[in-house]
Structures are given as structure tokens and as C-alpha cells.
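# Give me coordinates for this.
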Amino acid sequence: MRMEHLILVAMWLFGILASILFIPAKDRRKGFFAFLMFQAIIWLCDMPSFKYGLFSAPVRELPKATDLPLTIDYFFYPVWFAIFYIHKRVQANLLSRMTYFFVWVSVITLFDIVLERYTDLIEYETVPWYGMWIYIVILFFVSQVCCNWFFKDQTLFQAELEQANEN
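You can find the predicted model right below:
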């Protein structure tokens, strides 16, 4: 078995283990929705990215069916987004929320850069490493906005609710 296939198996094992350990039972519904939301957003962005040659995946699970890396894009990164979304601090100040956001995105980008450099699981054809960082920032931000809208976290809209109640 090639090293890339072992890495894919490890991603599945670590992803399942991380979702069990880091998403509390009371937040599983919210975590599952965040997982699905990230999958939907990344699917919309990755289809044209892989079709027009911005990225490629030489080693993938279903090479004759699709050009997309299924484990990386549709399981591993959505699990990490779900963990990020469950553990974000809504009531923290803006600086700490932004730091939390950018640390998560940077760690995931670093992992992606290591995959790109040392394996054949993903290759950046025309996108530099900072382009991948911006891409992941956009994916996380759009997914977070959609999840916040769906759950309508009261603390996110607290100021708007207070203003509406005063008027």
C-alpha cells in the first residue's frame, strides 16, 4: 500500500476519533450541520477549481469517477470545521475571535501545504501557498456565516435584538 493511501486511512481514523472526542454529545446536531454546510460550500468551490486546473489530486479514492480528493475535501476538512464551529467563543471580543479563526485556518493551511509538498494527494497547479490560505479563509468564513444564519445564535444578534426591543 502506498504512503498516500495510508495517509488517507489515517485521515479517516483521526477524523472519526476527533469528531467523537471534540464534539460534545449535546452539540452533535450543530456539529453535523456545520460538517454538511462546509461540504456544500467546498463542493461549490472545488468543482471549478479542479476542472480548470487550479488544483489537482494525482492520488485519489475514485480516480475514474471524479478528479476531487474526497477524503481531504469532503471528510477531513469538514470535520475540522465542525470542531472549530462548536468550540468558537461567540461572546469573546473581536480580537480573540479573529485570532481563533486565523489560527485554525493557518494550521489547516499548513497541513495542506505539507500534503502538497510531500505527497501526491494534492498539487497546487497555479495557486501559491498564500492563495490556498485565502481560499481556506473564504471557505471557513462563508461556512461560518451560513451556520450562524441557520442557528441564529442569540449572542451574535444580541445588539440587534436589544435595539429592536428599545424601539
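# And the strands in this structure, which stretches?
Secondary structure of the chain, counting by DSSP state E: strands at 55-56, 123-124.
# Just give me the lowest mean pLDDT stretch among these.
Per-stretch mean pLDDT for the strands of the chain is lowest at strand 55-56 (a mean of 78).
# quick one: residue 57 and residue 125, what's the gap?
11 Å (Cβ to Cβ, to the nearest Å). Backbone N, C-alpha and C define where each C-beta goes, glycine included.
# quick one, which of the two is more surrounded?
residue 57 (22 against 11; other Cβ atoms under 10 Å).
# wait, isn't that one in contact with residue 67?
Yes - between residue 57 and residue 67 there is a contact at 6.5 Å, judged by Cβ atoms under 8 Å.
# Which one of the strands of the chain lies nearest to residue 148?
Within the strands of the chain, the stretch nearest residue 148 is strand 55-56; the backing value is 27.8 Å (Cβ to Cβ).
# coming back round to it: please enumerate the shared neighbours of residue 57 and residue 67.
Both residue 57 and residue 67 are in contact with residue 50, where contact means Cβ atoms under 8 Å, 6 or more residues apart in numbering.
# returning to that earlier point: save the strands of the chain as TSV, and put in distance to residue 77 and mean neighbour count too.
Formatted as TSV, the strands of the chain follow (distance: least, Cβ to Cβ, whole Å; neighbours: other Cβ atoms under 10 Å):
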stretch	distance to residue 77	mean neighbour count
strand 55-56	13	18
strand 123-124	15	16
